[in-house]
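> The following comprises the amino acid sequence and a computationally predicted model.
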Amino acid sequence: MIALVSAGAASARALDLGPLTCTGGAVSAQEAFALDPMALDCSPDRFADGRPFVRAHVAIDSSRFPEGVPLVWQSNPALYDSLLLQFTYADGSRRLVDVDRRTATRNWIAGNRFAVSVPPAAARLVEVDAVIEKPRAPSTLRNALLTDRTSAAREHYIRSLAYVLLCGLLIVPLVYDVLFYRVLRARFMLWHLAMATAMFVFVSSSSGLVFIPFPDMPLATRWYLSSVSLTITIAASLMFTVGLLERRVVPTWLSAYVIVATSALLVLKLIGLLHFEWMRMAIVSWYLVAVLAAAIGAVMLIAVGLAHRIRAAVFLAIGFSGMLLTLAITLLVRIGSVSVRVSLDDVLYAGLVIMVLGTSAGVADRFLVLRSERDRARSRASMLGKLALTDGLTGLLNRRAFDRLASLSDRHGLLLGDIDRFKQINDDYGHQAGDEVLCQVALVLREGMGNRHGVRVFRLGGEEFAIVAPIANGEDLLDKAEHLRLLVEEGTARAISNDLPTITISFGGVVGHGQSMREALAVADRALYRAKRGGRNRSEIDSAVQAGDGDGLGEFLSGQPSPI
């Protein structure tokens, strides 16, 4: 007996009942079962009957399945109120099975299906009748099939593994969308995140994997999740496409078209969820029209992107190709132009895989482009900022940069330097020589202070320089001033043409105690004036501040000039 069943199972093949089914509408289950099978509708529109009860009848070839092989009836678990299955056998006997929503959830099969065991009988199965009350979609009747139990179990296992891998694949763009958005906050990444999230929800709910963590989930909840998430996937993909393409590329009229198409899609889905009886079946056709309009919008967006040679549009074209092909096949099947041997759900899942891979590549490409543009913009801004704060002749910080300093803090000092008799150098040797002197003095000051932290050297204008540096006390500030004064005198003598006289500089300084920079500059300027008045080539630190330092240096500190 086991050998016989195994041999029979091996030779059994799944029978697609959809193309063989004829339908008829009624106002009650009894009336539906009483309909004459010969009077049922077998036209391409047979699944669009809007009456409360729809009967589907199919005759089974008696030689299709070997005798004694356990069979199962499978279909799409779209939402319905009630479902009765009647199995008729060759000896005239009949078996009636009441398939409530709980049965559909308990007996789910990977691949958007549920299974009902065909009651065993001594004779072969010859007819299957299904009476469904208020179906929300025609797929429950159109996608019905008959197969043997062994093949169904094997297919369920293989499909479950495939769908787990698919869901794992869909998690990847969720992770890198979040990571990318933290680096570059572009709106199109949020749309892609919404699209990938909705796609993950759709696959997990449509395939039935959602029943693994939530085995008691009602059939209605699963149907709502599947239906709404697919709509959000389509809507988010359109908005993502608009955002991914450059704003100046997409015409205003096309953006408006996409918004209208997306809004219509969402509104029709909302109406479908409200279950208005008078449009229960018609809303499915209207929804497909809205999906077609959305697909046209996607095609136009991609065409515009390709016409403007936007590289991301190439990835979009690849990504959307699978979904557009799926839509085309679905429409052709709906109007009866073609019949396919593979499940439309499998075609849809394949389209989703291509879509998520293509759009993810588009996101990565656009991310790199935008990040490169942002880095270049920041580099230009930084360069312009530096230029705005840098003296064009000497390369030191300029007066604008100095004016940004609000105060002179403790343990810091300000030195104000002025080249001695600089006007005479300009008058006697020309402005080009004067510029040479300014550049050399700037170089000596910058190198003399070294690269120590907190040191800033400014050219305030003309022959006037300022230095802000951390110090220990007033004596330390004086030492720094004298060190720089000597470096200017010795360094410029070696570096500048022998035709020029020895270049010297005078310094005035002030020790910081939290006073405003304007106040500190005024005090340092007075100290510089005393140095100039005392014979030039001198360094003086403000006396009033020094008295508060407690270093016992007397009324003021001054640097004595070197012999000239």
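Sure thing, it's come through.

> Please determine how far Thr359 is located from Asp418.
65 Å (C-beta to C-beta, to the nearest Å). All C-beta spots, glycine's among them, are computed from the backbone N, C-alpha and C.

> Between these two, which has more neighbouring residues?
Thr359 (27 against 20; other C-beta atoms under 10 Å).

> Now name the helix or strand holding the residue nearest the centre of the chain.
Nearest to the centroid of the C-alpha atoms of the chain, with distances taken as C-alpha atoms, centre = their mean, sits Met189, at 2.0 Å. Following DSSP states H and E, one finds Met189 within helix 187-206.

> Please enumerate the helices of the stretch 1-150 of the chain.
For the stretch 1-150 of the chain, the helices defined by DSSP state H, counting those that start in this stretch occupy 2-11, 29-34, 101-106, 139-142, 149-183.

> quick one: the last one to chain centroid distance?
The one in question is helix 149-183. 20 Å (C-alpha atoms, centre = their mean, to the nearest Å).

> Show me what counts as buried in it.
Within helix 149-183, the residues scored as buried using 16 or more other C-beta atoms under 10 Å are 149-152, 155-156, 159-160, 163, 166-167, 169-170, 173-174, 176-177, 180-181.

> One more: the third one?
Residues 101, 103-105 are the ones in helix 101-106 that count as buried (16+ other C-beta under 10 Å).

> Dump the residues you listed to CSV, plus distance to Thr330.
Output for those, formatted as CSV (distance: C-beta to C-beta, whole Å):
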residue, distance to Thr330
Arg101, 26
Thr103, 27
Ala104, 23
Thr105, 25
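
> Which stretches in the stretch 251-400 of the chain count as helices?
Using DSSP H, counting those that start in this stretch, helices in the stretch 251-400 of the chain cover 252-274, 282-307, 311-334, 344-388, 399-403.

> Let me have the ones you listed in TSV, extended by distance to Arg94.
Listed next are these as TSV, based on distance: least, C-beta to C-beta, whole Å:
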stretch	distance to Arg94
helix 252-274	35
helix 282-307	31
helix 311-334	31
helix 344-388	31
helix 399-403	95
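
> Pipe those into TSV and attach mean pLDDT and distance to Ser75 per row.
Formatted as TSV, the helices of the stretch 251-400 of the chain follow (pLDDT from 0 to 100; distance: least, C-beta to C-beta, whole Å):
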stretch	mean pLDDT	distance to Ser75
helix 252-274	89	20
helix 282-307	87	16
helix 311-334	81	16
helix 344-388	77	12
helix 399-403	91	76
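
> Determine which of these approaches Asp476 most closely.
Of all those, helix 399-403 sits nearest to Asp476, with 21.6 Å by C-beta to C-beta.

> For Cys42, see how far away the residue nearest to Ala59 when sequence neighbours are not counted is.
Nearest residue to Ala59, sequence neighbours excluded (C-beta to C-beta, 6 or more residues apart in numbering): Glu127, at 5.6 Å. The gap separating Glu127 from Cys42 is 15 Å, by C-beta to C-beta.

> And Asp365, by the same measure?
50 Å.

> Looking at the two, which one has more neighbours?
Asp365 (16 against 11).

> for the nearest residue to the more buried one once chain neighbours are set aside, what are its contacts?
Distance criterion C-beta to C-beta, 6+ apart; nearest residue to Asp365, sequence neighbours excluded, is Ala312 at 5.3 Å. Residues in contact with Ala312 (C-beta atoms under 8 Å, 6 or more residues apart in numbering) are 244-245, 305, 362, 365-366, 369.

> Buried among those residues? Need that as a selection in PyMOL.
Buried residues within the contacts of Ala312, by 16+ other C-beta under 10 Å, are selected in PyMOL with:
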select buried, resi 244+245+305+362+365+366
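
> Output the below-cut-off pLDDT ranges for the stretch 101-250 of the chain.
247 (pLDDT under 70).

> rewinding a little: let me know the closest of the contacts of Ala312 to Lys269.
Distances from Lys269 to the contacts of Ala312, taken as C-beta to C-beta, are shortest for Leu244 (23.9 Å).

> mind checking how far the closest residue to the closest one other than its chain neighbours is from Val178?
Among residues not flanking Leu244 along the chain, Phe188 sits closest, at 4.6 Å (C-beta to C-beta, 6+ apart). Going from Phe188 to Val178 by C-beta to C-beta gives 14 Å.

> now Leu352
Distance, Leu352 to Val178, by C-beta to C-beta: 20 Å.

> same deal with Cys22?
According to C-beta to C-beta, Cys22 stands 51 Å off from Val178.

> what sits against Leu244?
Leu244 neighbours (C-beta under 8 Å, 6+ apart): 188, 192, 312, 316, 362-363, 366.

> Dump those into CSV; add distance to Pro66 as well.
Putting the contacts of Leu244 into CSV (distance: C-beta to C-beta, whole Å) gives the following:
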residue, distance to Pro66
Phe188, 56
His192, 51
Ala312, 55
Leu316, 50
Gly362, 51
Val363, 52
Arg366, 57
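
> Check what contacts stretch 164-177 and list those residues.
When contacts are defined by C-beta under 8 Å, 6+ apart, stretch 164-177 is touched by residues 189-190, 192-193, 196-197, 199-200, 203-204, 207, 209, 349, 352-353, 356, 359-360, 363-364.

> what about Glu436, helix or strand, and which?
helix 431-449.

> What residues sit buried inside that helix?
Buried residues in helix 431-449, counted by 16+ other C-beta under 10 Å: 433-434, 436-446, 448-449.
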